[in-house]
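In: Give me coordinates for this.
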Amino acid sequence: MGFWKRKGKSTPVTGEGGEDGGGLSEEEALTGVVRAGDDPGMGGDSSEAPTTVRPFADGECGEAVDVALAQRERELFTTVYALRDAVDAAGDRVVRVLQDRVEPIPGRHRLSLAGLLADLQEMGRGLGGVLATTKPRSGRLALKREFVDGHYLVAAEMGVLTEEALSRQVTLVNAVPEGSRLFADRILLGEVLRRLLYNAIRFSPEGKPVKVFTPKKMPTTLAVWDQGPGIPEVDIPGLFRGGVETRPGLAEGEGRTGLFDLPFCREIVEAHGGILEAQSREGEGSVFSVQLPLVKPKVLIVDDQEMDREMLGMFLGSLDVVVSEAESAGKAMALIDDDVPDLIVTDITMPGMDGFDFLRELGRHPRVRQVPVILVTGNQEVEQRVKAFRLGAADFTVKPVVPQDFLARVRRLLG
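Out: The predicted model follows:
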């Protein structure tokens, strides 16, 4: 693995984050109807907040429709991607059955399996064509970014490929440290990792490991290393062009050709503002690295008591986050208009707009309605918690705030 090196490309740093995802229901996007105080699935409480119809502000209708369409495009893309993944995996299993020389399939069944393989391959090509048409109108993928722990994301994708690795006698090693914070679309980045891991498994010799690690001083990079036959240097520039056979060593009749889905992987990574690159030497294996921008989470603390704001800010200081403060919900909304945070921590009992009304107001804005909110209060009654969760709070903690408990709740939401 000594040939792997950083190519002088710095990991970009950005303060952006938390604006992706969210969105209105189809009804809201098309009609502009917003129901204040609705608690879906819980019956609502009309005595506290009567149902109202609020017209969209200037430009808000177009924004809501764009958000809804982006969500639909992303859902279609990920659904088709998953279907093709299943089809291709089934095709590979058929190939392995046909190639099994220990328990060969009787001749009368081989023709049927060959026909099934041809059908699966044709279906895979058709789904690939559908994928090519599901990009957003802007030409870029719609992302639903959030902070995720890289270690557990890698572990989840390795779990999906356990059977594949066992069938090829390849060991999967997750060397990504716990707490490796990434700002990414969990589903789409997971698809990229799955493809890179699958390729590494396919080209690894029996008994050799496939390892995912984070290079030194590159905390937002995931690198997938295999000890396969390697790639000729002249072929590396063509790795990310579809339909190019780039690596030796595939068994005759293998269901897929070349390195699978690298053009889609690069497109997904670039939509994140990242870089997907390959380094290899013939006979020494290969490393494919996903380099994502370094994003610090932004946390907005809303409380009318300055001492409480300072205390929560002090607790958050250990998490490498950017903290901003507001002494009222109204001032918080003004700050959010300029810069959407990745997490909001708000007191419930405040003059003017309290924490519950603040939650309702956040739900009316497509750009922020999916930002997680932790409510803080000195009231320990169960009814307070129920109401908070019914209104969309992500979590709830009581005063006096216990630092370890509070930080565990924050880490759950920020990776």
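
In: can you give me the strands in the stretch 301-415 of the chain?
Out: 322-326, 343-347, 373-377, 395-398 (DSSP state E, counting those that start in this stretch).

In: before we move on, what about the chain?
Out: Ranges of strands within the chain are 13-14, 145-149, 171-175, 181-185, 209-213, 221-226, 275-281, 285-291, 294-295, 298-302, 322-326, 343-347, 373-377, 395-398, based on DSSP state E.

In: Give me the distance between the two termini of stretch 334-348.
Out: 18 Å (C-alpha to C-alpha, to the nearest Å).

In: quick one: average confidence on it?
Out: In this model, stretch 334-348 has a mean pLDDT of 92.

In: Can you give me the buried ones in that stretch?
Out: Residues of stretch 334-348 classed as buried: 336, 340-348 (neighbour count, 16 or more other C-beta atoms under 10 Å). From N, CA and C alone the C-beta is placed, and that goes for glycine too.

In: Pick the one among those closest to residue 292.
Out: residue 342 (15.1 Å; C-beta to C-beta).

In: Report the separation between the closest one and residue 368.
Out: 11 Å (C-beta to C-beta, to the nearest Å).

In: Need the distance between the two termini of stretch 206-222.
Out: Span of stretch 206-222 from end to end, C-alpha to C-alpha: 23 Å.

In: By neighbour count, which bits of that stretch are buried? Give me those.
Out: Buried-residue list, stretch 206-222, by 16+ other C-beta under 10 Å: 208, 210-214, 218-222.

In: Could you do stretch 219-237 as well?
Out: Buried residues in stretch 219-237, counting neighbours by 16+ other C-beta under 10 Å, are found at 219-231, 235.

In: what's the answer for stretch 85-101, then?
Out: Buried residues in stretch 85-101, counted by 16+ other C-beta under 10 Å: 85, 87-98.

In: returning to that earlier point: quickly, which of the strands of the chain bottoms out on average pLDDT?
Out: strand 13-14 (a mean of 43).

In: okay, now the domains of this structure?
Out: 1-10+144-295, 297-414 (automatic domain parsing).

In: Output these in TSV; the columns should cover distance to residue 110.
Out: As requested, the domains of the chain are arranged in TSV below (distance: least, C-beta to C-beta, whole Å):
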stretch	distance to residue 110
domain 1-10+144-295	12
domain 297-414	52
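
In: From the buried residues of stretch 85-101, pick the one nearest residue 407.
Out: Distance to residue 407 across the buried residues of stretch 85-101 (C-beta to C-beta) is lowest for residue 85, with 36.5 Å.

In: Hmm, residue 190 and the closest one touching each other?
Out: No: under the criterion of C-beta atoms under 8 Å, residue 85 makes no contact with residue 190, lying 10.8 Å away.

In: circling back: any chance of the strands of the stretch 301-415 of the chain in a markdown table, plus distance to residue 202?
Out: What follows is the strands of the stretch 301-415 of the chain, written out as a markdown table (distance: least, C-beta to C-beta, whole Å):
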| stretch | distance to residue 202 |
| --- | --- |
| strand 322-326 | 42 |
| strand 343-347 | 40 |
| strand 373-377 | 44 |
| strand 395-398 | 42 |
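
In: Deepest in the core, which of these is it.
Out: For the strands of the stretch 301-415 of the chain, the largest average neighbour count (mean count of other C-beta atoms under 10 Å) is found in strand 343-347, namely a mean of 25.
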